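*Asks:* here is my input; please provide its structure:
(chains A, B and C)
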Amino acid sequence: MAVTSLRAARVERRAGVRARPRRESRAAFTMLAPLLVLLAVFVIWPLIHAVYISFFTWSFYDPAVFVGLENYINVVTDEEFVNSVVRGLLFSAMVVPVQVTIAFVFANLVKTVSRRMAAVMKVTIYVPAVISEVIAAIVFALIYTHRGGLLNWFLDFFGIEAIPWLGDTATALPAVAIPAIWIGMGVASLIMLAGLLDIPEAYYECASLDGAGPWTKMFRITLPLMKNVILFLLVTGFAASLQFLILPWLMTQGGPVNSTNLPNLFILQHFNTDLYVGYSIAAALLLFGVLGAVSAVIFRLVRSEKAMDA
Amino acid sequence: MRGALGWIIRYGLAVAIIVAALFPLAWLAVAGFKAKTEVAATPFQFFPEVWRWDNYAQLLADEAFVRALGVTFAGAALFAVLSLVVNALGAYAFARLEFAFKRTIWAIVITTMFIPGIAIMLTSFIVVTELGMLDSMAVLVVPGAASAVQVFFLRQFFLAVPTALEEAAQLDGAGPWRIFRHIFIPLSKGAFVVVGATSFLLFWNSYVWPVLTVTDPELFPIQQYLATFRSERTSEQGLLMAGSTLAALPVIILFLIFQRHIIRGVRLSGLK
Amino acid sequence: MRTQLIRLIAAVAGTAVLAVGCGSGGTGQGAAGGKAEITLWQQKFTDQEDAWYKKAVAAFNKSQDKVVLKHVIVPADVWDQKMKAAQAAGKAPDIYTVNYSKVPGFARTGQIQALDPLIPAGKWAGLQESVVGSVEHKGKKYGYPMLVEPSAVLYYRKDLFAKAGLDPNKPPATWQELIDYGKKLTTKDVAGVVTAANQIDMAWSTWGLQWNAAGHLPISDDWSTPQAADAKYRQLLQVYQTLYQQGIMPKQPLAPYADANPLGQGKTAMMVCGSWAASVLLQDYPKMVADIGAAALPSFDGDTTKPTATLGGWTLVVDAKSKNARASADFVSWLLAGDPTLLVEFFKNTKFSKYSPRAAVADAIKDDPAAAENPWARTIEEQVVKYAKPEPAYDWAISLAFGKAIEKALQGKDIDQALQAADAEIKDVIAKNNLAGQGS
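*Replies:* Predicted coordinates for the structure are as follows:
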């Protein structure tokens, strides 16, 4: 009873302040119109259409033939597709931990170095993030040049024989992972830094009074309190690294022997060369349906701890 | 002693990170000063034998390259403005206004964040073809303007604005439009810079979509110019390096100008 | 409220209009005088070829007033996805350049139109039968052959041969010789030999060697059974494995297979490349020409009359959905089956590095004194073209499966297993695409 009357009072007050709620609703939809129209036309409708097409086999010239789930079955049973997904996960496993580690080291360094150094670090770490994948691919491919490349020249000083970084199945995937780390480390580092700066300095001071050393502080205060930030970086990093397309496309075309054929590139190459469309779309939807669901769930879990709605 | 060692380790690591971030770009710019075929010549030399401006001069005199830069710059600016208008209005509605099906619509908007480009690449292409947008600036600028990520970011920002300000304005009879214009826009300049700069960058670096939708060489964006140059003219790597440097420069400068806002923005977009 | 709405719409519309306006320069809608517009997509070739097409299109537009032909040059690296997308949206160009090997597949899936009803029978006279065969499907012709170029020729540096103590006039005659020579020629800065090094390039550039090694391609003629596991293919994979593993060919490709620059830049002593390499060498590296020799690739069993290359080439096709098929075919006929002078100019501009399958054109070229400019043309014609096979017409996936097997061998994997895997993959492609019985 008390609750009801309270709510009634609030509604009344709001209605009083906001003279005309219908006007507000109309204004809201007007403001939303461009956003919703653009999303509907260029994102939502294409998605619906893509799902529809994925149940057909279609050469663009003959009428499309309904094949039910056949495309999906072909995708799932295609060893090459499964390999590309596994390769994508492996790629993520190379990129994300390194990225998060760099970010963590970076954030802790920024806290301890001089103010001026910290400012320089914050700016420089982010510079690679503004560079396109195309340019990153161009630069790193040249750095990896077998004879006459920068990296092998450098290694020569240590007596290491020239390595065909992009020409060998053993080294190609890590070689493509490096520019991916390079591009992504700026954003991760700044987010990590923000998380670190959120931890009240008082915690550390108390710990110091109790005689805790730097490692104890790291494991008892920093890491537990950074759990969410690190989880967030792992999830977003995972989703982003699984979607790299331009780097392997320009650097290696997916080779040698498919060793850098990441899922998106696999899908694009099928799209380019298949005489019928359907397979590539089914593969894209399948891969990212799962990926999107996993990200969404974890995203929600992380977010729910901080009340999201004000 | 321990302190000194710690200092050396800390500053050593800091310098290492700075070098790792900047070195590839520095080398890119240096390599642009080399003769056409000197870049991957054996034996490797870090610095050019003779520093020459030829590559940079040749590119800046090349109509196609300058046009690609200009078109991309104009497109990116348009894209930044359009996406700012579209996303800020939408975000404001979600942050401050009440309307029917708000939660459902919000859920739909957020879901679009997870739709990968490659799954809808073909069907989006069909849409823009039907709309007769191929080979125009519109096809580059309009389809990507609405962004759930940006709506999300701006909504978070608007939610943090104290309600007291607008309540006073509401008492004066101001509607949502006036409140948005006179209260929210002035307060949000920092956030708008972040969104605008992000959009600019996104457009500047985009490759897959323009490749699909633009056939007219007059509209080739800079990334496509570079990628095609690389595959067609394998013998002119000095030029390619110079071109990549020139293509990276505008966004680096842009970032340096707005770095304060952008760094703060990145931090806000995290878990805050 | 209303004014706000109008203002908003005006703002958004304004931006959009501005955006459209900026780009409308290139759309070229509504050609003058209500003439129909047809579009030609030409893959980017060399500058000389592009210029020739441009000139030809301008001449065609001047020669008639029924249609306006719009000429678009599409970069090769993005051709596939642009074409796929355009086809899906029903906006494929009326006419486009295509490689012979793709014609039968496009015909089978209904993407292109048969040209025999559109181009008079007389125009087809005087064309080489075998080349016409590669653009045929079920007895109908889907393209008008423009040129042929053998896919694999061995170019070598005579001066480097001499320096290494080899006879500059005796190119390697067997694969063992090629490997031995390569070893002697390899230095820290110069590769012994450069050839295709990734599965995509190997898939097509080795068709000739696939014939040479086994006497057949890795699929039966009627496309019903895979033949990749044939033990005769071992020698082909073995050669690649040896060349790569012993560091005779670069461990990381210097350039794509079709690119002749590494030889011109002095980065390799031998190079396997198509006949088109000649035009690049003559055009961009004139000082090197005297030091470069050409020969056919070695034959595995020493029989030099066996094919070592396939005859690839380009043709123009008309899209199945073209609304102006007649006019489009008229252009193809005008360009490729009409006045030979125009085509002679093409072969001249490309330094006689390509060959015409049309008698009238071939004869005119033969008499051209400028033909002597290409010092390798005769060797290539007599030793390579003469024994070459037409390109296979089956799906690309089959070629790619075999290319993958060679690449695996290159990377040091077991050769028999690589061939078995290719065999299984080809079997899979046959089943999934119902290819059995589709071949000829």
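
*Asks:* all contacts plus neighbour counts: C-alpha atoms, from now on.
*Replies:* Fine.

*Asks:* ok and the residue in chain C nearest chain A?
*Replies:* The nearest approach of chain C to chain A comes at residue C:252, 4.5 Å away (CA to the nearest CA).

*Asks:* report pLDDT for that residue.
*Replies:* pLDDT for residue C:252: 88.

*Asks:* could you list every residue that touches it?
*Replies:* A:145, A:146, A:164, A:165, A:166, A:167, A:168, C:197 (CA atoms under 8 Å, 6 or more residues apart in numbering or on different chains).

*Asks:* now do 10 Å
*Replies:* A:144-147, A:163-168, A:256, C:197-198, C:244 (CA atoms under 10 Å, 6 or more residues apart in numbering or on different chains).

*Asks:* same list, these, but as CSV with neighbour count and secondary structure please.
*Replies:* Formatted as CSV, these follow (neighbours: other CA atoms under 10 Å in any protein chain shown; DSSP: H, G, I helix; E, B strand; the rest coil):
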residue, neighbour count, secondary structure
A:144, 25, coil
A:145, 25, coil
A:146, 24, coil
A:147, 25, coil
A:163, 19, coil
A:164, 21, coil
A:165, 23, coil
A:166, 26, coil
A:167, 24, coil
A:168, 19, coil
A:256, 26, coil
C:197, 28, coil
C:198, 26, coil
C:244, 22, helix
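
*Asks:* now the end-to-end length of stretch C:160-172.
*Replies:* 14 Å (CA to CA, to the nearest Å).

*Asks:* so how far is it off the chain centroid?
*Replies:* 30 Å (CA atoms, centre = their mean, to the nearest Å).

*Asks:* likewise stretch A:177-192?
*Replies:* 10 Å.

*Asks:* what's the answer for stretch C:119-129, then?
*Replies:* 23 Å.

*Asks:* residue contacts, the closest residue to residue B:114 other than its chain neighbours?
*Replies:* Leaving aside its sequence neighbours, residue B:114 sits nearest to residue A:292 (CA to CA, 6 or more residues apart in numbering or on different chains; 5.4 Å). Residue A:292 makes contact with A:239, A:285, A:286, A:298, B:111, B:113, B:114, B:115, B:116, according to CA under 10 Å, 6+ apart.

*Asks:* then residue B:231?
*Replies:* A:250, C:75, C:76, C:77, C:255, C:256, C:259.

*Asks:* helices - which of these land there?
*Replies:* Among the contacts of residue B:231, DSSP state H puts residue A:250 in helices.

*Asks:* are any of the contacts of residue B:231 buried, and which?
*Replies:* A:250, C:75, C:77, C:255, C:256, C:259 (16 or more other CA atoms under 10 Å in any protein chain shown).

*Asks:* and of those residues, the nearest to residue B:46?
*Replies:* residue C:255 (21.9 Å; CA to CA).

*Asks:* report pLDDT for that closest one.
*Replies:* At residue C:255, pLDDT is 89.

*Asks:* quick check: residues of the stretch 251-400 of chain C near chain B?
*Replies:* For the stretch 251-400 of chain C, the residues found near chain B under the criterion CA under 10 Å from any CA of the partner chain are C:254, C:255, C:256, C:259, C:260, C:261, C:262, C:264, C:265, C:267.

*Asks:* wait, what's in contact with the fourth one?
*Replies:* Meaning residue C:259. Contacts of residue C:259 by CA under 10 Å, 6+ apart are B:231, B:232, B:233, B:234, B:235, C:195, C:273, C:274, C:276, C:277, C:280.

*Asks:* doesn't residue C:44 make contact with the second one?
*Replies:* When you say that, I think you mean residue B:232. Yes: with contact defined as CA atoms under 10 Å, residue B:232 reaches residue C:44; the gap is 8.8 Å.

*Asks:* before we move on, back to that, now render the residues of the stretch 251-400 of chain C next to chain B as TSV, adding distance to residue C:101.
*Replies:* Converted to TSV, those look like this (distance: CA to CA, whole Å):
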residue	distance to residue C:101
C:254	26
C:255	23
C:256	19
C:259	20
C:260	22
C:261	25
C:262	27
C:264	29
C:265	31
C:267	31
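
*Asks:* list buried residues within these.
*Replies:* C:254, C:255, C:256, C:259, C:260, C:261, C:262, C:264, C:265, C:267.

*Asks:* ranges for the helices of the stretch 51-200 of chain A?
*Replies:* Along the stretch 51-200 of chain A, the stretches classed as helices by DSSP state H, counting those that start in this stretch are A:70-76, A:79-112, A:115-126, A:133-143, A:150-156, A:172-198.

*Asks:* go on, chain B?
*Replies:* B:2-31, B:54-61, B:63-96, B:102-111, B:117-130, B:137-141, B:148-159, B:163-171, B:176-179, B:185-187, B:189-205, B:208-213, B:222-232, B:237-269.

*Asks:* and the closest residue to chain C within the stretch 201-310 of chain A, what's its pLDDT?
*Replies:* Using CA to the nearest CA, residue A:272 is the residue of the stretch 201-310 of chain A that sits closest to chain C, at 5.2 Å. pLDDT for residue A:272: 89.

*Asks:* with the one 3 residues further on instead?
*Replies:* Per-residue pLDDT puts residue A:275 at 81.

*Asks:* what secondary structure does it sit in?
*Replies:* The three-state assignment at residue A:275 reads coil, by DSSP: H, G, I helix; E, B strand; the rest coil.

*Asks:* and it, its phi and psi?
*Replies:* Per-residue torsions, residue A:275: phi -80, psi -20 (degrees, to the nearest 10).

*Asks:* many thanks, we can stop here.
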